[in-house]
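Trainee: Give me coordinates for this.
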Amino acid sequence: MEEYNSILMYVWLATGIAFLILEVGTPGLLFFVSLSVGCFAAAICAFFDISFFYQLWAIPLITVASFGLLKKFITLRGPQKYKTNVEALIGQEAIVTKIIEPYKGGYVRVKQEEWAALAEHNQTYYKDSKVVVIRIAGNKLIVK
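Mentor: Modelled structure (predicted):
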């Protein structure tokens, strides 16, 4: 191994490690991880006495390839979608606690909480009837 490539190998390794440290400071982007992979590829090129020109080309090529692979890996898993807050009430069964009349509304109990409710098609639901929450309009549940 030439002395020049030996020094470059350590420079590329240090740069790759610096990019990994930067990634820790910016979670979620995975941009710096890709750059560090490119630098590690250049370090491997330097280890095998490949010219500086090819080392410089290895960085952007491997960075783009690793970024594409990371993006593909992340999209395969897909975002985890959990319903939270009032979105979690949609589809839940509720019990009418105060009669729901057309154009007036009433009250229902969902998961131990009392909510103002309106009927979907202006129907009447009597006390202790079971209904299902189909959507939310403002601070009222729309039930059927």
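Trainee: drop to CA atoms for contacts and neighbour counts, all remaining ones
Mentor: OK.
Trainee: Please enumerate the helices of this protein.
Mentor: For the chain, the helices defined by DSSP state H cover 3-25, 31-47, 52-77.
Trainee: Can you list the low-confidence ranges for the protein?
Mentor: 1, 77-80 (pLDDT under 70).
Trainee: Break it down into its structural domains.
Mentor: The record's domain split for the chain, according to automatic domain parsing, is 3-77, 85-143.
Trainee: can I get these in CSV with mean neighbour count?
Mentor: Listed next are those as CSV, based on neighbours: other Cα atoms under 10 Å:
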stretch, mean neighbour count
domain 3-77, 17
domain 85-143, 17
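Trainee: just to revisit the earlier point, can you redo the helices of the chain as JSON lines with distance to residue 83?
Mentor: Output for those, formatted as JSON lines (distance: least, Cα to Cα, whole Å):
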{"stretch": "helix 3-25", "distance to residue 83": "29"}
{"stretch": "helix 31-47", "distance to residue 83": "29"}
{"stretch": "helix 52-77", "distance to residue 83": "18"}
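Trainee: Which of those sits closest to residue 100?
Mentor: helix 52-77 (43.2 Å; Cα to Cα).
Trainee: Compute the inter-axis angle for that closest one and helix 3-25.
Mentor: Using axes from the mean of the first three to the mean of the last three Cα atoms, to 10 degrees, the inter-axis angle of helix 52-77 relative to helix 3-25 is 30 degrees.
Trainee: Report the separation between the nearest residue to residue 116 once chain neighbours are set aside and residue 127.
Mentor: Nearest residue to residue 116 in three dimensions, chain neighbours excluded: residue 107, at 4.5 Å (Cα to Cα, 6 or more residues apart in numbering). Separation of residue 107 from residue 127 (Cα to Cα, to the nearest Å): 9 Å.
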